[in-house]
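> This is the structure alone, sequence omitted:
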């Protein structure tokens, strides 16, 4: 069975949910590690006050017994602590009594750069909140929890995933990035940036060139572009390769008894023809500035048709560091899915045995 993930939940609903199917039985999960990634997602310079309201923790409803997967669907839950203030406004059934709390008034001021206007036209909504609750990046909390499970599977194969924020608002280096965020906050504005994900320990052979659905570069790009506000993805030297001659664009192949086959450069970023090549996987993605502004842009009131300022709600000045954690999670899940497809196994022991047999067959040593 292939490894799959479905998520559900709204930003101010009761909870966020993820269901993973296809996990091998016997995989050991560490709740503290998953919770640590959830904490990392909430941290970072430039985050909004909501991160002080929510204290994200993972709960498991199904598929886990005493810390080990059962091979059945794994259901993860991350509660929304702020839901208590939205009980009337986000009630799943027609609410009773007088309106109270938040979300009681229809939102009719779409924000440029958000899903708001396109969604109300597509789904025939009369309240933008019906769209913005799911379009919100809040639901990536449970994506990070699912990524923690994927990292556990990869760790069993001695594969590690890490990330780094390399640019915010065009600034590089921690001091310069913080200065840029401080200036944007003073101006009631927002910033985007670029993060880099690196994965070590991947053997050659994950993914395939046979169909576009099996191409691992396509799947990673698809997963990263599915993160809110991400506008571009680059693998290896990416766009720079288009500016070089072929003699300077590709990674020459070498072999010796110590390393087996190896490369002295990694311009491809660990992927060739949709397949891992045994080198470090290097992926970068860029997110645009967040579209919810404290100094809102011009819009049109959907109720009146008149010009108006866009909706103002709680917003981060920048969430690039948080996006790095989310990017780690989605890349980890795609790699775990590719590993499960390659090595199979109903139990973690079967998967590890197939992995070991494969490594014994190919002429490759871990870098």
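Arrived safely. Here the structure is a predicted model, which is why all the values come from computation and not from measurement. Numbering: from 1, shown residues only.
> Report all helices and strands that the helix or strand hosting residue 120 contacts.
Using DSSP states H and E, residue 120 falls within helix 116-123. Contact partners of helix 116-123 among helices and strands, from 3 or more CB pairs under 8 Å, 6 or more residues apart in numbering; DSSP states H and E: helix 129-135. C-beta: built from backbone N, CA, C; applies to glycine.
> The same query, at a cut-off of 10 Å, please.
helix 129-135, strand 298-300 (3 or more CB pairs under 10 Å, 6 or more residues apart in numbering; DSSP states H and E).
> buried set for that helix?
The neighbour-count check on helix 116-123 (16 or more other CB atoms under 10 Å) flags 116-117, 119-120 as buried.
> Make CSV from the residues you listed and add pLDDT and distance to residue 240 to it.
CSV is the format used below for those (pLDDT from 0 to 100; distance: CB to CB, whole Å):
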residue, pLDDT, distance to residue 240
116, 94, 36
117, 95, 36
119, 97, 36
120, 96, 40
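> out of the residues you listed, who's nearest residue 184?
If you rank the buried residues of helix 116-123 by distance to residue 184 using CB to CB, residue 116 comes first, at 21.9 Å.
> circling back: how about the buried residues of helix 116-123 in JSON lines, adding distance to residue 360?
Shown next, in JSON lines, are these (distance: CB to CB, whole Å):
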{"residue": "116", "distance to residue 360": "55"}
{"residue": "117", "distance to residue 360": "56"}
{"residue": "119", "distance to residue 360": "52"}
{"residue": "120", "distance to residue 360": "57"}
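> Do you have the helices of this structure handy? List them.
31-42, 50-53, 116-123, 129-135, 140-156, 174-186, 216-225, 320-343, 348-361 (DSSP state H).
> which one of these has the lowest average pLDDT?
Lowest mean pLDDT within the helices of the chain: helix 50-53, at a mean of 60.
> how far is stretch 123-136 from where the chain is centred?
Averaging C-alpha positions (CA atoms, centre = their mean, to the nearest Å) puts stretch 123-136 21 Å from its chain's average.
> Kindly report the same for stretch 352-367.
Relative to the chain's own centre, stretch 352-367 is displaced by 29 Å; criterion: CA atoms, centre = their mean.
> Which of the residues in that stretch are classified as buried?
352, 355, 359, 364.
> what's the first one in contact with, if anything?
Under the criterion of CB atoms under 10 Å, 6 or more residues apart in numbering, the contact partners of residue 352 comprise 24, 26, 156-157, 343, 345.
> Just the buried residues of the residues you listed.
Counted by 16+ other CB under 10 Å, those give 24, 26, 156-157, 343, 345 as buried.
> now the helices and strands packed on helix 116-123 as CSV including distance to residue 84 and mean neighbour count?
Output for the helices and strands packed on helix 116-123, formatted as CSV (distance: least, CB to CB, whole Å; neighbours: other CB atoms under 10 Å):
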stretch, distance to residue 84, mean neighbour count
helix 129-135, 16, 20
strand 298-300, 30, 14
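> Dump the ones you listed to JSON lines, plus distance to residue 261.
Shown next, in JSON lines, are the helices and strands packed on helix 116-123 (distance: least, CB to CB, whole Å):
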{"stretch": "helix 129-135", "distance to residue 261": "45"}
{"stretch": "strand 298-300", "distance to residue 261": "56"}
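> Which among the ones you listed is found nearest to residue 62?
It is, among the helices and strands packed on helix 116-123 and with distance given as CB to CB, helix 129-135, at 22.9 Å.
> Identify all contacting residues around the closest one.
When contacts are defined by CB under 10 Å, 6+ apart, helix 129-135 is touched by residues 7-13, 86, 89-90, 103, 105-108, 110-111, 114-125, 128, 139, 228, 292, 311, 313.
> Got a ChimeraX select line for the buried ones in those?
Per 16+ other CB under 10 Å, the buried members of those correspond to this ChimeraX selection:
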select :7,9,10,11,12,13,86,89,90,103,107,108,110,111,114,115,116,117,119,120,125,128,139,228,292,311,313
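> who's in contact with the residue most central in space within the chain?
Nearest residue to the geometric centre of the chain (CA atoms, centre = their mean): residue 326, 3.3 Å. Contacts for residue 326 (CB under 10 Å, 6+ apart) come out as 37, 40-41, 137, 140-141, 143-144, 147, 163, 195, 224, 226-228, 230, 285, 287, 319.
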